[in-house]
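**Q** build the 3D model from these lines:
(chains A, B, C, D, E and F, ligands or ions: 12)
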Amino acid sequence: MSERIQLAHGSGGKLSHDLVREVMLPAFANAALAEMHDGAKVTAGGARLAFTTDSYVVKPLFFAGGDIGKLAVCGTVNDLAMTGAVPLYLSAGFIIEEGFAIDDLRRIVVSMRRAADEAGVAIVTGDTKVVEKGAVDGLYINTAGVGVLLDGVDISPRRVRPGQDIILSGPIGDHAIAIMSERHGLTLPASVTSDCAPLAGLVKAILTAVPDGVAVLRDPTRGGIATTLNEIASQAQVGIFLDETAIPVRPAVQAVCEILGFDPLYLANEGKMLVFVEQVFTEQVLNIMNAHPYGREARVIGRVTAQPAGQVGLRTAIGGMRLLDMLVGDQLPRIC
Amino acid sequence: MSERIQLAHGSGGKLSHDLVREVMLPAFANAALAEMHDGAKVTAGGARLAFTTDSYVVKPLFFAGGDIGKLAVCGTVNDLAMTGAVPLYLSAGFIIEEGFAIDDLRRIVVSMRRAADEAGVAIVTGDTKVVEKGAVDGLYINTAGVGVLLDGVDISPRRVRPGQDIILSGPIGDHAIAIMSERHGLTLPASVTSDCAPLAGLVKAILTAVPDGVAVLRDPTRGGIATTLNEIASQAQVGIFLDETAIPVRPAVQAVCEILGFDPLYLANEGKMLVFVEQVFTEQVLNIMNAHPYGREARVIGRVTAQPAGQVGLRTAIGGMRLLDMLVGDQLPRIC
Amino acid sequence: MCLAVPAVILSRQDMLATVSVSGVTRQVSLMLLPEAQVGDYVLIHAGFAIQTIDAEEARRTLELFKELEKYEEFNG
Amino acid sequence: MCLAVPAVILSRQDMLATVSVSGVTRQVSLMLLPEAQVGDYVLIHAGFAIQTIDAEEARRTLELFKELEKYEEFNG
Amino acid sequence: MKNLTADRVRQLADYYTAEIARLADRPLRLMEVCGTHTVAIFKAGIRQLLPEQVELVSGPGCPVCVTPNDYLDTAIAYSRQSGVIIATFGDMLRVPGSSSSLMQEKARGADIRIVYSPLDSLAIARAHPDKRVIFLAVGFETTAPTTAAAILAAEQAGIDNFFVLTSHKLVPPALRALLTAGGAGVRVDGLLLPGHVCTVTGLAPFRFLAEECGTPAVVAGFEALDILQAVYMLVKQIRAGVARLENQYARVVRPEGNPAAQAALAKVYGEVDAAWRGIGVIPASGLGVREEYARFDARYVLGVDVEPTREAAGCRCGEVLRGVIKPPACPLFGRACTSDHPVGACMVSVEGACAAWYKYGAGRWQF
Amino acid sequence: MKNLTADRVRQLADYYTAEIARLADRPLRLMEVCGTHTVAIFKAGIRQLLPEQVELVSGPGCPVCVTPNDYLDTAIAYSRQSGVIIATFGDMLRVPGSSSSLMQEKARGADIRIVYSPLDSLAIARAHPDKRVIFLAVGFETTAPTTAAAILAAEQAGIDNFFVLTSHKLVPPALRALLTAGGAGVRVDGLLLPGHVCTVTGLAPFRFLAEECGTPAVVAGFEALDILQAVYMLVKQIRAGVARLENQYARVVRPEGNPAAQAALAKVYGEVDAAWRGIGVIPASGLGVREEYARFDARYVLGVDVEPTREAAGCRCGEVLRGVIKPPACPLFGRACTSDHPVGACMVSVEGACAAWYKYGAGRWQF
Ligand code: SF4
Ligand code: SF4
Ligand SMILES: [Mg+2]
Ligand SMILES: [Mg+2]
Ligand SMILES: [Mg+2]
Ligand SMILES: [Mg+2]
Ligand SMILES: [Mg+2]
Ligand SMILES: [Mg+2]
Ligand SMILES: [Mg+2]
Ligand SMILES: [Mg+2]
Ligand SMILES: [Mg+2]
Ligand SMILES: [Mg+2]
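**A** Ligands and ions are numbered 1, 2, ... in the order given. Predicted structure coming up:
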């Protein structure tokens, strides 16, 4: 481990995992944390709860399809949903730079409320810190969330088995591209916006219908589906086989990737999920998803295999086969 | 409300309250939040829970008596305890500046673990974001906490009544002074360090013995005991009468206040609490507190009165009487 | 170091053109391709248009693929 | 604008002194009080020592309070 | 007096308040000149302890309050220049200028640093050789020598990016103006003189008060008991029908003052006419950087465009500062003007009379 | 080719791979010169589709890889100067110099901006007139004209705080050195030529390959099918026993190249000898800023102390870049040297052969 934190330690890729594994896990060591899921499963006062947190440091604060507030609600709601819980309560911690426009803050909290309403959660506790000009870049938001685990549902990489299908809920990269385009002087067609959305409703619909047919749910945020699938392959010690042509990418997203030298498989999503489902339930789950606004374009993109354990492979459009590795560092705009 | 966020919006004083009242509460409007307590009381899966969050932006990161990690655990544990809950689980969200020394991060997480162990909580979920050099000042930590409300306990300003005694658990200002001194080139005697400590054990001891004799618990952090007592006076619509000579302030803390032009009544504490107790239980509670390491110097500093509703008065050392107002803005080092 | 993408020129002011790649628009310089016209397909590299794309030749590349037909005949 | 606090000089190098206020130490300039000695009680304002405190006079202030004794006699 | 027990403090306070009540046989208006006294009086609840007959009114001794808007406006204009760091005592930060304050400028991105000593500004200048550091030099005779010393230190160290924007003021000329203003003067039966100003100046500049104006005056310390004792000494003089200059604060204030501080001051600064909010221009009541040190004078070497000065509408700070009215007499007090939304300098400055009245309970606040 | 359906793409790919397998009647070593080709080949899984007989080896066409450490060291030294902003393509950020990388310097506080175009650096220079903006000008003939154009634009706009640190390199001299190195040369049966370099240069500079060296060569585009087709064209030449220069990428590559780009380049830059990692100094294989534009040349106008250059111990990038060994033959590959802890430039650069082998599965990775 290098002696100083680099951007890549926060990008969700290999260095992030090293940091968690080498610094955080040993210090905090406990069973709930060790699962390294999107959220912890805990028991309190006899209730089975999910508990999770994320900080949101997105720039720009307002982007096509959302803003940092919507993101802060959806991201944490989704992490709760991915554990198989019904999200109930959120906390909101604001760190604000002196000089921040209060009108912008208003827009952001209104947007949080709107997203919370849609997700069926209440923001019940909060904190506001103001730091000196220059001590933070505008505004960061942390949210933590508490939910109740659905009865009869056990979402865990332990339950991933060869033969399960992998469903992706829709086209990838929309969120990252909405953000990147603003940063790099690219103008997207109006039809392409961040996919930022709360998936709690969709998840509840699936798990209510098929409580024990789903092994894992995961939202491919930082690091994209490549990183998320590598995590699962490694946690479950299975192989994952993907079909490149089955993975939906919007033409404009593909275009930005080509302009900036990105790979859509590593791009962050904020309203998408991967569902590992027993093959017998695949069709039923797909039907439920396709009927829901956030799963209309859901499709099977691959399946679980026994070998090679811990690796993800991709059959390319021309029929080639290659390894799909975890992201190392951030994707940087490149010209080669 | 001014159009831009100022430092004072985060200092825990009047502007902070305005911001919460005018921006946050209307947007998030719900009963749990409206109580404006240290933490929200909620129900999930049949369990009565407390839920709270705080972000920690302290500078310097390491100070006499603690560090940002210890603070991030104790602060949130204490907010849970102040609602009458037994703290169980914490989340930890790190926002780290590129270039931060990983060894410092290690020290901080080890310190978090140590504080968590003492408080009897587990850090079960977390998040790490790394932002560009200059986009954050070193490291900020957010923690959120979940606890179970103790049976038969109802901590709420609604229960504050004239005649109740106000107990302070020990000398004030130690934490703020440990921080300020480092910033202003003052060297404290080794005996004075931050009071940063988890109060969950002390609270549990009190509430187990006297479950219904305690109306309110509150940790006087940002804004000090003056601000906390004003909050309670205003929420409960009672008067609060304090005896200046009863309020313990260490000589070194008093000295720093005189040098920098501060008032100890407005200084932040991180291991102190105020207990509003029915007079019949005062002695019992004092005995329990004095027997506990974090309450050895606890004493009655004032009492609740019917009038003037919403105000705090202070009898001074020479027998004068004056209003003790909320803090407006941050205390700034001054020479007048 | 030679990533480049095809784009169509939507408009042009002096040596600056607005180009579109699948609906994504950006500004590029025409300093290295001064004769480019609105409607031209051009290759973009590092913020510059560096060549026009020849539709006729593109078609011819596809025609090379015509050999495939023999293959298909052969393999049925 | 005239907050000032009494402090005792612990050590001195040239025009810089380390002073203590109830055990809290800091550096102050002696530019405005060049004759101050280690052990002197001095008044500190805005980072400078601005006067020595006269122990004799401090005692005399307390003595003024002696009038109190008459009062105590009178009021019992 | 730190070594008195709480009981003894209370006993002494009781004694002096009783004596004051006994001696004050007619309504008395005593003025505390110094803002630091104002705060100490309110914080200790002294006003409430005094008999109704004895009234304390605040004077023009809050330097932040008496500094006219154009000074703040100039500081704000400098803070908007790129490459400028403003170094200031915390006291100045919230004070409103004509349309902004340093706090607001800081929130907008100006580089404004709070310092505790003028020497801290020198250190900032040394650390940022590519910036111009402007120290806001405000305050009375107590503080002015520290600015002078910093300029002398900058000269010695060859620091060429340190500048001062001076608004230092002198107390005696203001008192003279106040007590002798043709008819507009306020009745003052006695003066509590600023102990720390006298620490520097000595007693001589204040002798005219008793000798020329016939006003009893006592130089006072800042502990609650110091102030009670000084009030007692004033009341005793008045009862005896004399007007003397007495020194309650002799443990610190020498008749001759601090000669080293006076010398530093005289070396760097000379007396100039100065404008006081509410009083107007008073001859020889301010300090200007001498020509020999003009290269440290921001106004002299750094050009700046300053907005036209506007005073806050309806604010009666001027009358408050002269002791003509008490803050609650201002129609804005506690309504449009509160400590969280201050209108005038007297409400925003920690030492301002309006701020003290508001923060510590207006009138004789009782529980 | 974007308008081909997925099925049609698959059909075409099957056809070419079958034809290649049919035609390749002996072991063939084909070199893809360009790093962008290397990445495209691995990303599309082309290596796995080719018959065992046909082997693709990477050449010296990753500009980041062939740039020796002293260039990075110089950039790092500049980044440590105060008042300097380094503007660079993202590709350079992680590349190790002798003891640091730009990424590490950024984490330590250097002002390093990632740009997508040299024109972005010009905009930075315009926005920060008080800083010196140094653009890291690396790349081959495709990229060099864009640097030249930026310098011409800076000249026209009168921007005087924009500088370039040039390490532009030319492909043909490197290929000549590789194919003609006395005995140390590697066997290459055919060359995939860099389509975007040829877009600028045209075909003439590459004619020597077939004509002088007798090596078949095909200028190739960057889609998977372009590459398969170009390999097929090479294999057909070899099977036919001929050596020609063919142009698979005629939709973009004209025989004469891009005259405007060539003119801009010739105006600003002249040919100079240049050091290539693993190959050594090759005469007239680099570009140097002409005297007329020397004021834009960082090395010419901005002094800097650079640490002594050290190459990473044990790294065999040099051999990898000449196609002498494949990455797994390096003992560090996948052990001490991985993409998260790279030792050499070939592992850290996105286009590096070691990085591609590691990231996309070493050898003919099969599921
Ligand atoms: S109350 Fe406010 S407006 Fe009135 S005089 Fe005082 S500062 Fe001015
Ligand atoms: S594997 Fe690493 S050490 Fe070996 S040649 Fe490649 S870059 Fe160098
Ligand atoms: Mg989370
Ligand atoms: Mg998340
Ligand atoms: Mg809080
Ligand atoms: Mg997630
Ligand atoms: Mg609290
Ligand atoms: Mg809290
Ligand atoms: Mg708290
Ligand atoms: Mg996270
Ligand atoms: Mg400025
Ligand atoms: Mg630099």
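
**Q** need the pLDDT of C:M1.
**A** Model confidence at C:M1, expressed as pLDDT, equals 54.

**Q** and what of A:S11?
**A** At A:S11, the model reports a pLDDT of 78.

**Q** phi, psi for it please.
**A** For A:S11, the backbone dihedrals (degrees, to the nearest 10) come out as phi -90, psi 0.

**Q** buried sites along stretch E:331-348?
**A** Neighbour counts over stretch E:331-348 (16 or more other C-beta atoms under 10 Å in any protein chain shown) mark E:332-334, E:337-348 as buried. Quick note: C-beta positions are derived from backbone N, CA and C, even for glycine.

**Q** farthest pair within these?
**A** Pairwise distances across the buried residues of stretch E:331-348 (C-beta to C-beta) peak at 16.7 Å, for the pair E:G334 and E:A345.

**Q** what bridges to the closest residue in space to C:A55 that isn't next to it in sequence?
**A** Here the nearest residue to C:A55 in space, its sequence neighbours aside, is C:Y41; by C-beta to C-beta, 6 or more residues apart in numbering or on different chains that works out to 7.0 Å. Note on C:Y41: beta-bridge partners by DSSP bridges are C:V8.

**Q** and C:Y41, how far is that from A:D79?
**A** 44 Å (C-beta to C-beta, to the nearest Å).

**Q** where does the stretch 151-300 of chain E dip in pLDDT?
**A** Along the stretch 151-300 of chain E, segments meeting pLDDT under 70 span E:181-185.

**Q** where's the residue of chain C found nearest chain E, which helix or strand?
**A** Residue nearest to chain E within chain C (C-beta to the nearest C-beta): C:Q27, separated by 28.8 Å. Taking DSSP states H and E as the criterion, C:Q27 maps to strand C:24-29.

**Q** helices and strands around that strand, which ones?
**A** For strand C:24-29, the elements it packs on are helix A:251-260, strand C:16-21, strand C:48-52, judged by 3 or more C-beta pairs under 8 Å, 6 or more residues apart in numbering or on different chains; DSSP states H and E.

**Q** okay, those in JSON lines with mean pLDDT, mean neighbour count and distance to B:E283 next?
**A** Shown next, in JSON lines, are these (pLDDT from 0 to 100; neighbours: other C-beta atoms under 10 Å in any protein chain shown; distance: least, C-beta to C-beta, whole Å):
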{"stretch": "helix A:251-260", "mean pLDDT": "94", "mean neighbour count": "23", "distance to B:E283": "70"}
{"stretch": "strand C:16-21", "mean pLDDT": "96", "mean neighbour count": "20", "distance to B:E283": "79"}
{"stretch": "strand C:48-52", "mean pLDDT": "97", "mean neighbour count": "25", "distance to B:E283": "84"}
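
**Q** related to what we said a few turns ago, residues in contact with the strand holding C:Q27?
**A** Strand C:24-29 has contacts (C-beta atoms under 8 Å, 6 or more residues apart in numbering or on different chains) with A:181, A:185-189, A:252, A:255-256, A:259, C:7, C:10, C:15-19, C:42, C:44, C:47-49, F:117, F:119, F:149, F:153.

**Q** domain assignment for chain E?
**A** Per the TED database, the domain ranges recorded for chain E read E:30-61+E:173-247, E:64-170+E:257-301, E:316-359.

**Q** so which of these is nearest B:S55?
**A** It's domain E:64-170+E:257-301; of the domains of chain E, that one is closest to B:S55 (C-beta to C-beta) at 19.4 Å.

**Q** so that closest one, near ligand 12 or not?
**A** No. Domain E:64-170+E:257-301 is not in contact with ligand 12 by C-beta under 5 Å from the ion; minimum separation 12.7 Å.

**Q** that domain and ligand 1 in contact?
**A** No. Using C-beta under 6 Å from any ligand atom, domain E:64-170+E:257-301 stays clear of ligand 1, with a minimum separation of 8.4 Å.

**Q** report the distance from that domain to the chain centre.
**A** A distance of 15 Å separates the centroid of the chain from that of domain E:64-170+E:257-301, by C-alpha atoms, centre = their mean, to the nearest Å.

**Q** so what's residue 325 closest to, chain neighbours aside?
**A** If you meant another chain, say so; for now it's chain A. The shortest distance from A:D325 to any non-neighbouring residue, by C-beta to C-beta, 6+ apart, is to F:K359 (4.9 Å).

**Q** was after chain E, sorry
**A** E:E319 (4.5 Å).

**Q** ok, that neighbour to ligand 3 distance?
**A** Taking C-beta to the ion, to the nearest Å as the criterion, E:E319 is separated from ligand 3 by 60 Å.

**Q** ok but that residue is inside a helix, no?
**A** Yes. E:E319 sits within a helix when classified using DSSP: H, G, I helix; E, B strand; the rest coil.

**Q** quick one: contacts for A:L49?
**A** Listed by C-beta under 8 Å, 6+ apart, the contact set of A:L49 reads A:K41, A:V42, A:T43, A:A85, A:V146, A:G147, A:V148, A:L149, B:A44, B:G45, B:A47, B:V146.
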